[in-house]
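Participant: what follows is a protein structure lacking sequence information:
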(Lines give C-alpha, C1' and ligand atoms only; values in the text may rest on other atoms or scores of the structure.)
Protein backbone atom coordinates (compact mmCIF):
# COMPACT_ATOMS: atom_id res chain seq x y z
CA UNK A 1 0.00 0.00 0.00
CA UNK A 2 1.27 3.38 -0.79
CA UNK A 3 1.68 5.81 2.10
CA UNK A 4 0.05 9.11 2.02
CA UNK A 5 2.59 11.78 1.25
CA UNK A 6 0.82 14.41 3.31
CA UNK A 7 1.02 12.24 6.44
CA UNK A 8 4.73 11.69 5.81
CA UNK A 9 5.37 15.42 5.65
CA UNK A 10 3.53 16.05 8.85
CA UNK A 11 5.66 13.52 10.69
CA UNK A 12 8.79 15.33 9.61
CA UNK A 13 7.54 18.65 10.91
CA UNK A 14 6.57 17.06 14.23
CA UNK A 15 10.01 15.50 14.69
CA UNK A 16 11.81 18.75 13.86
CA UNK A 17 9.73 20.73 16.35
CA UNK A 18 10.34 18.26 19.17
CA UNK A 19 14.10 18.29 18.58
CA UNK A 20 14.11 22.05 18.63
CA UNK A 21 12.25 22.24 21.93
CA UNK A 22 14.59 19.82 23.65
CA UNK A 23 17.87 21.82 22.64
CA UNK A 24 19.13 24.32 25.28
CA UNK A 25 18.89 27.99 24.45
CA UNK A 26 21.97 29.66 22.97
CA UNK A 27 23.52 32.26 25.33
CA UNK A 28 24.78 35.59 24.05
CA UNK A 29 27.53 35.73 26.80
CA UNK A 30 30.84 34.24 25.96
CA UNK A 31 31.47 30.95 27.75
CA UNK A 32 34.03 30.97 30.57
CA UNK A 33 37.53 30.34 29.43
CA UNK A 34 39.89 27.99 31.14
CA UNK A 35 43.27 29.05 32.69
CA UNK A 36 45.07 27.47 29.79
CA UNK A 37 43.14 29.59 27.42
CA UNK A 38 43.99 32.76 29.41
CA UNK A 39 47.65 31.95 29.46
CA UNK A 40 47.61 31.41 25.77
CA UNK A 41 45.86 34.69 25.18
CA UNK A 42 48.29 36.80 27.32
CA UNK A 43 51.46 38.01 25.61
CA UNK A 44 54.70 36.65 27.10
CA UNK A 45 56.26 38.84 29.83
CA UNK A 46 59.62 39.18 28.08
CA UNK A 47 58.03 40.46 24.95
CA UNK A 48 59.19 44.02 24.13
CA UNK A 49 56.81 46.58 25.42
CA UNK A 50 55.52 49.33 23.26
CA UNK A 51 57.49 52.65 23.62
CA UNK A 52 55.74 55.06 25.88
CA UNK A 53 55.32 58.58 24.70
CA UNK A 54 56.62 61.07 27.29
CA UNK A 55 54.27 63.74 28.15
CA UNK A 56 55.53 67.29 27.84
CA UNK A 57 55.76 69.12 31.14
CA UNK A 58 52.94 71.45 31.60
CA UNK A 59 53.08 75.01 32.87
CA UNK A 60 52.71 73.82 36.42
CA UNK A 61 55.76 71.59 36.28
CA UNK A 62 57.85 74.35 34.65
CA UNK A 63 56.89 76.81 37.38
CA UNK A 64 57.82 74.29 40.04
CA UNK A 65 61.23 73.66 38.47
CA UNK A 66 61.91 77.39 38.31
CA UNK A 67 60.90 77.95 41.93
CA UNK A 68 63.09 75.07 43.15
CA UNK A 69 66.21 76.23 41.24
CA UNK A 70 65.61 79.96 41.23
CA UNK A 71 68.97 80.90 42.84
CA UNK A 72 71.01 78.62 40.57
CA UNK A 73 69.25 79.98 37.50
CA UNK A 74 69.97 83.56 38.59
CA UNK A 75 73.68 82.81 39.03
CA UNK A 76 73.88 81.06 35.68
CA UNK A 77 72.05 83.93 33.97
CA UNK A 78 74.39 86.51 35.55
CA UNK A 79 77.46 84.53 34.46
CA UNK A 80 76.13 84.20 30.92
CA UNK A 81 75.35 87.91 30.78
CA UNK A 82 78.83 88.79 32.04
CA UNK A 83 80.42 86.52 29.43
CA UNK A 84 78.38 88.14 26.68
CA UNK A 85 79.35 91.63 27.87
CA UNK A 86 83.04 90.63 28.02
CA UNK A 87 82.96 89.22 24.51
CA UNK A 88 81.21 92.36 23.28
CA UNK A 89 83.84 94.55 24.98
CA UNK A 90 86.75 92.59 23.51
CA UNK A 91 85.24 92.70 20.05
CA UNK A 92 84.57 96.43 20.29
CA UNK A 93 88.12 97.37 21.35
CA UNK A 94 90.42 98.65 18.63
CA UNK A 95 93.10 96.14 17.71
CA UNK A 96 96.65 97.21 18.66
CA UNK A 97 98.82 98.24 15.80
CA UNK A 98 101.56 95.81 14.89
CA UNK A 99 105.02 97.08 15.91
CA UNK A 100 107.41 97.34 13.01
CA UNK A 101 111.19 97.60 12.86
CA UNK A 102 110.81 101.28 12.00
CA UNK A 103 108.96 101.83 15.30
CA UNK A 104 111.74 100.08 17.23
CA UNK A 105 114.44 102.15 15.54
CA UNK A 106 112.53 105.37 16.27
CA UNK A 107 112.15 104.43 19.95
CA UNK A 108 115.86 103.67 20.27
CA UNK A 109 116.83 106.97 18.63
CA UNK A 110 114.43 108.85 20.90
CA UNK A 111 115.98 107.22 23.99
CA UNK A 112 119.49 108.03 22.84
CA UNK A 113 118.51 111.65 22.15
CA UNK A 114 116.77 112.24 25.47
CA UNK A 115 118.62 109.95 27.92
CA UNK A 116 122.31 109.92 28.67
CA UNK A 117 123.40 106.32 29.10
CA UNK A 118 126.26 105.51 31.51
CA UNK A 119 129.58 104.90 29.83
CA UNK A 120 131.27 101.48 29.96
CA UNK A 121 133.87 102.97 32.31
CA UNK A 122 131.13 104.14 34.69
CA UNK A 123 129.57 100.68 34.70
CA UNK A 124 132.95 99.05 35.35
CA UNK A 125 133.64 101.38 38.28
CA UNK A 126 130.17 100.77 39.76
CA UNK A 127 130.86 97.02 39.70
CA UNK A 128 134.14 97.27 41.64
CA UNK A 129 133.61 100.40 43.73
CA UNK A 130 132.56 98.70 47.00
CA UNK A 131 135.62 96.42 46.87
CA UNK A 132 138.26 99.18 46.67
CA UNK A 133 139.88 100.33 49.96
CA UNK A 134 142.28 103.07 50.97
CA UNK A 135 145.46 101.75 52.61
CA UNK A 136 147.36 103.97 55.03
CA UNK A 137 150.75 103.41 56.59
CA UNK A 138 150.92 104.81 60.12
CA UNK A 139 153.84 105.64 62.45
CA UNK A 140 153.69 106.67 66.06
CA UNK A 141 154.98 110.14 66.89
CA UNK A 142 156.60 110.49 70.29
CA UNK A 143 154.89 112.94 72.58
CA UNK A 144 151.66 112.78 70.54
CA UNK A 145 148.54 110.69 70.95
CA UNK A 146 147.99 110.56 67.18
CA UNK A 147 149.91 108.48 64.66
CA UNK A 148 151.31 110.09 61.57
CA UNK A 149 150.33 108.93 58.06
CA UNK A 150 153.57 108.15 56.23
CA UNK A 151 152.17 106.51 53.11
CA UNK A 152 148.94 106.09 51.17
CA UNK A 153 148.03 103.41 48.70
CA UNK A 154 145.13 101.35 47.45
CA UNK A 155 143.89 97.83 47.99
CA UNK A 156 141.11 95.60 46.68
CA UNK A 157 139.04 93.06 48.60
CA UNK A 158 139.29 89.66 46.94
CA UNK A 159 137.60 87.57 49.65
CA UNK A 160 134.63 88.85 51.65
CA UNK A 161 136.25 87.77 54.95
CA UNK A 162 138.44 90.88 54.73
CA UNK A 163 141.30 89.52 52.59
CA UNK A 164 142.85 92.45 50.72
CA UNK A 165 145.52 92.62 48.01
CA UNK A 166 147.91 95.58 47.75
CA UNK A 167 151.51 96.35 46.86
CA UNK A 168 154.27 95.33 49.21
CA UNK A 169 155.95 98.71 48.94
CA UNK A 170 152.70 100.36 50.21
CA UNK A 171 152.98 98.66 53.64
CA UNK A 172 156.70 97.88 53.80
CA UNK A 173 158.21 99.05 57.12
CA UNK A 174 154.89 100.29 58.54
CA UNK A 175 154.36 100.21 62.30
CA UNK A 176 150.62 100.05 61.76
CA UNK A 177 148.44 99.51 58.72
CA UNK A 178 144.94 100.91 58.47
CA UNK A 179 142.34 100.31 55.77
CA UNK A 180 139.26 102.40 55.07
CA UNK A 181 136.41 100.64 53.27
CA UNK A 182 134.07 102.19 50.70
CA UNK A 183 131.39 102.90 53.32
CA UNK A 184 133.87 104.72 55.55
CA UNK A 185 134.51 101.89 58.01
CA UNK A 186 138.06 102.06 59.40
CA UNK A 187 139.91 98.94 60.49
CA UNK A 188 143.33 97.87 61.60
CA UNK A 189 144.93 95.38 59.23
CA UNK A 190 147.74 92.89 59.55
CA UNK A 191 150.13 91.74 56.82
CA UNK A 192 149.19 88.09 56.33
CA UNK A 193 151.53 87.23 53.43
CA UNK A 194 154.18 88.78 51.18
CA UNK A 195 155.32 88.06 47.63
CA UNK A 196 158.41 90.25 47.01
CA UNK A 197 159.02 88.98 43.47
CA UNK A 198 155.69 90.50 42.41
CA UNK A 199 155.65 93.41 44.89
CA UNK A 200 152.47 92.04 46.49
CA UNK A 201 151.19 91.88 50.06
CA UNK A 202 148.08 90.27 51.52
CA UNK A 203 146.30 92.16 54.30
CA UNK A 204 143.71 90.84 56.73
CA UNK A 205 141.30 93.43 58.09
CA UNK A 206 140.15 93.05 61.71
CA UNK A 207 136.82 94.91 61.47
CA UNK A 208 134.50 94.47 58.50
CA UNK A 209 131.48 96.38 57.21
CA UNK A 210 128.18 94.50 57.12
CA UNK A 211 127.83 94.71 53.35
CA UNK A 212 131.42 93.95 52.32
CA UNK A 213 131.62 92.75 48.72
CA UNK A 214 134.61 91.02 47.14
CA UNK A 215 135.70 91.95 43.63
CA UNK A 216 135.26 89.52 40.76
CA UNK A 217 138.57 88.27 39.38
CA UNK A 218 139.13 87.42 35.71
CA UNK A 219 141.84 85.43 34.01
CA UNK A 220 144.22 87.33 31.73
CA UNK A 221 144.44 84.42 29.29
CA UNK A 222 142.03 86.13 26.86
CA UNK A 223 143.28 89.68 27.51
CA UNK A 224 144.43 91.42 24.34
CA UNK A 225 146.31 94.59 23.49
CA UNK A 226 143.78 97.34 22.87
CA UNK A 227 141.24 96.09 25.43
CA UNK A 228 139.77 98.96 27.40
CA UNK A 229 140.57 99.11 31.12
CA UNK A 230 140.25 101.47 34.07
CA UNK A 231 142.62 102.00 36.99
CA UNK A 232 140.93 102.72 40.34
CA UNK A 233 142.81 104.12 43.32
CA UNK A 234 143.74 107.04 45.55
CA UNK A 235 146.37 109.05 43.63
CA UNK A 236 148.07 111.43 46.08
CA UNK A 237 145.44 110.34 48.60
CA UNK A 238 142.57 111.69 46.49
CA UNK A 239 139.77 109.37 45.67
CA UNK A 240 138.61 106.93 44.88
CA UNK A 241 139.61 108.12 41.42
CA UNK A 242 139.10 106.50 38.03
CA UNK A 243 141.29 106.81 34.93
CA UNK A 244 140.66 104.99 31.69
CA UNK A 245 142.85 103.64 28.92
CA UNK A 246 143.72 100.48 27.06
CA UNK A 247 146.03 97.54 27.47
CA UNK A 248 149.25 98.67 25.78
CA UNK A 249 151.24 95.45 26.11
CA UNK A 250 151.52 92.06 27.77
CA UNK A 251 154.38 90.16 29.45
CA UNK A 252 156.40 93.32 30.07
CA UNK A 253 159.40 93.66 32.45
CA UNK A 254 160.06 96.52 34.82
CA UNK A 255 163.11 97.29 36.98
CA UNK A 256 162.32 99.26 40.13
CA UNK A 257 163.95 102.71 40.44
CA UNK A 258 166.17 101.42 43.21
CA UNK A 259 167.34 98.64 40.92
CA UNK A 260 166.58 96.08 43.59
CA UNK A 261 163.72 94.23 41.96
CA UNK A 262 162.92 93.08 38.43
CA UNK A 263 159.21 92.53 37.85
CA UNK A 264 158.21 90.28 34.95
CA UNK A 265 155.08 89.17 33.13
CA UNK A 266 153.44 92.56 33.66
CA UNK A 267 150.41 94.13 31.97
CA UNK A 268 151.27 97.51 30.42
CA UNK A 269 148.45 100.06 30.27
CA UNK A 270 148.12 103.76 29.45
CA UNK A 271 145.47 104.84 31.97
CA UNK A 272 146.82 107.59 34.22
CA UNK A 273 148.37 106.20 37.41
CA UNK A 274 150.19 108.23 40.06
CA UNK A 275 151.59 107.66 43.55
CA UNK A 276 148.66 106.38 45.60
CA UNK A 277 147.32 104.20 42.77
CA UNK A 278 149.74 101.45 43.83
CA UNK A 279 147.87 98.33 44.94
CA UNK A 280 144.65 99.33 43.19
CA UNK A 281 142.75 97.14 40.71
CA UNK A 282 143.08 97.21 36.93
CA UNK A 283 139.53 96.54 35.75
CA UNK A 284 138.03 95.51 32.40
CA UNK A 285 134.81 96.97 31.03
CA UNK A 286 132.80 94.10 32.49
CA UNK A 287 133.86 95.17 35.99
CA UNK A 288 136.31 92.31 36.62
CA UNK A 289 139.81 92.66 38.04
CA UNK A 290 142.66 91.47 35.80
CA UNK A 291 145.63 93.01 37.59
CA UNK A 292 147.05 94.96 40.54
CA UNK A 293 148.61 98.32 39.64
CA UNK A 294 152.19 98.22 40.85
CA UNK A 295 154.40 100.79 39.07
CA UNK A 296 154.64 103.67 36.64
CA UNK A 297 157.50 104.48 34.29
CA UNK A 298 158.88 108.02 34.27
CA UNK A 299 162.44 108.63 33.06
CA UNK A 300 162.45 112.08 34.65
CA UNK A 301 162.29 110.53 38.09
CA UNK A 302 159.48 112.84 39.24
CA UNK A 303 157.06 109.96 39.89
CA UNK A 304 154.33 111.35 37.66
CA UNK A 305 152.31 109.53 35.02
CA UNK A 306 153.48 109.75 31.44
CA UNK A 307 151.00 107.13 30.23
CA UNK A 308 153.00 103.97 30.94
CA UNK A 309 151.82 101.95 33.90
CA UNK A 310 152.32 98.34 34.90
CA UNK A 311 150.07 95.86 36.72
CA UNK A 312 150.74 92.40 38.11
CA UNK A 313 148.42 89.82 36.47
CA UNK A 314 145.72 88.61 38.84
CA UNK A 315 146.97 85.02 38.52
CA UNK A 316 150.22 86.05 40.23
CA UNK A 317 148.30 88.07 42.80
CA UNK A 318 146.05 85.12 43.65
CA UNK A 319 149.11 82.94 44.13
CA UNK A 320 150.18 85.34 46.90
CA UNK A 321 146.99 84.44 48.74
CA UNK A 322 147.79 80.77 48.36
CA UNK A 323 145.03 79.81 45.93
CA UNK A 324 144.31 80.01 42.23
CA UNK A 325 140.97 81.63 41.30
CA UNK A 326 140.66 79.95 37.90
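Facilitator: Ah, there it is. This one's a predicted model, so the numbers in the text were calculated from it and none came from an experiment. Residues are numbered from 1 along each chain as shown.
Participant: which SSE is residue 316 in?
Facilitator: helix 314-321 (DSSP states H and E).
Participant: do the same with residue 122
Facilitator: Per DSSP H and E, residue 122 falls inside helix 120-128.
Participant: tell me the helix or strand right after that helix.
Facilitator: Once the chain leaves helix 120-128, the next helix or strand it forms, by DSSP H and E, is strand 132-140.
Participant: packing partners for the helix or strand just after that next one?
Facilitator: Using DSSP H and E, the helix or strand that directly follows strand 132-140 along the chain is strand 147-159. In terms of contacts (3 or more CB pairs under 8 Å, 6 or more residues apart in numbering; DSSP states H and E), strand 147-159 is packed against strand 132-140, strand 163-167, helix 168-171, strand 228-233, strand 289-296, helix 314-321. All C-beta atoms are positioned from the backbone trio N, CA, C, and that covers glycine.
Participant: show me which residues of strand 147-159 are buried.
Facilitator: Neighbour-count burial for strand 147-159 flags 151, 152, 153, 154, 155, 156, 157, 158, 159 (criterion: 16 or more other CB atoms under 10 Å).
Participant: as TSV, these with pLDDT and distance to residue 266 would be great.
Facilitator: Below are the buried residues of strand 147-159 laid out as TSV (pLDDT from 0 to 100; distance: CB to CB, whole Å):
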residue	pLDDT	distance to residue 266
151	87	22
152	92	23
153	94	18
154	96	17
155	96	19
156	96	17
157	95	23
158	92	19
159	91	24
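Participant: need those residues in JSON lines with distance to residue 288, can you?
Facilitator: JSON lines is the format used below for the buried residues of strand 147-159 (distance: CB to CB, whole Å):
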{"residue": "151", "distance to residue 288": "28"}
{"residue": "152", "distance to residue 288": "25"}
{"residue": "153", "distance to residue 288": "21"}
{"residue": "154", "distance to residue 288": "17"}
{"residue": "155", "distance to residue 288": "17"}
{"residue": "156", "distance to residue 288": "11"}
{"residue": "157", "distance to residue 288": "14"}
{"residue": "158", "distance to residue 288": "12"}
{"residue": "159", "distance to residue 288": "15"}
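Participant: now for those residues, which pair is the farthest apart?
Facilitator: The distance between the two most remote of those (CB to CB) is 23.9 Å, for 151 and 159.
Participant: circling back to that earlier point, where among the helices and strands packed on strand 147-159 is average confidence lowest?
Facilitator: Among those, helix 314-321 carries the lowest mean pLDDT, a mean of 78.
Participant: ok, and what's touching it?
Facilitator: The contact list for helix 314-321, computed with CB atoms under 8 Å, 6 or more residues apart in numbering, reads 158-159, 163, 165, 193-195, 198, 200-202, 217-220, 265, 289-292, 324-326.
Participant: now the buried members of those residues.
Facilitator: 158-159, 163, 165, 195, 198, 200-202, 217-218, 220, 289-292, 325.
Participant: ok now the longest helix along the chain, how far from the chain's centre?
Facilitator: The single longest helix within the chain, with elements called by DSSP state H, is helix 70-92. Computed by CA atoms, centre = their mean, to the nearest Å, the chain-centroid distance of helix 70-92 equals 38 Å.
Participant: buried sites along the lengthiest strand in the chain?
Facilitator: In the chain, with assignment by DSSP state E, the single longest strand is strand 241-255. Judged by neighbour count using 16+ other CB under 10 Å, the buried positions of strand 241-255 are 241, 242, 243, 244, 245, 247, 248, 252, 254.
Participant: list the helices and strands that strand packs on?
Facilitator: helix 120-128, strand 228-233, strand 262-269.
Participant: so which of those gets nearest residue 173?
Facilitator: Nearest to residue 173, of all the helices and strands packed on strand 241-255, is strand 262-269, at 19.4 Å by CB to CB.
Participant: show me what the closest one is packed up against.
Facilitator: So strand 262-269, by 3+ CB pairs under 8 Å, 6+ apart, packs with strand 241-255, strand 289-296, strand 309-313.
Participant: show me what it is in contact with.
Facilitator: Against strand 262-269 from outside (CB under 8 Å, 6+ apart): 197-199, 220, 223, 229, 231, 245-256, 282, 290-291, 294-295, 308-313, 316.
Participant: tell me the first helix or strand C-terminal of it.
Facilitator: Heading C-terminal from strand 262-269 (DSSP H and E), you reach strand 281-284.
Participant: pull the distance from that following strand to the chain's centre.
Facilitator: 29 Å.
Participant: got the buried residues for that strand?
Facilitator: Here strand 281-284 shows 281, 282, 283, 284 as buried, counting by 16+ other CB under 10 Å.
Participant: looking at the residues you listed, spot the one nearest residue 107.
Facilitator: The closest of the buried residues of strand 281-284, once distances to residue 107 are taken by CB to CB, is residue 284, at 30.3 Å.
Participant: so who does the closest one touch?
Facilitator: Per CB under 8 Å, 6+ apart, neighbours of residue 284: 124, 218, 223, 227, 228, 229, 290.
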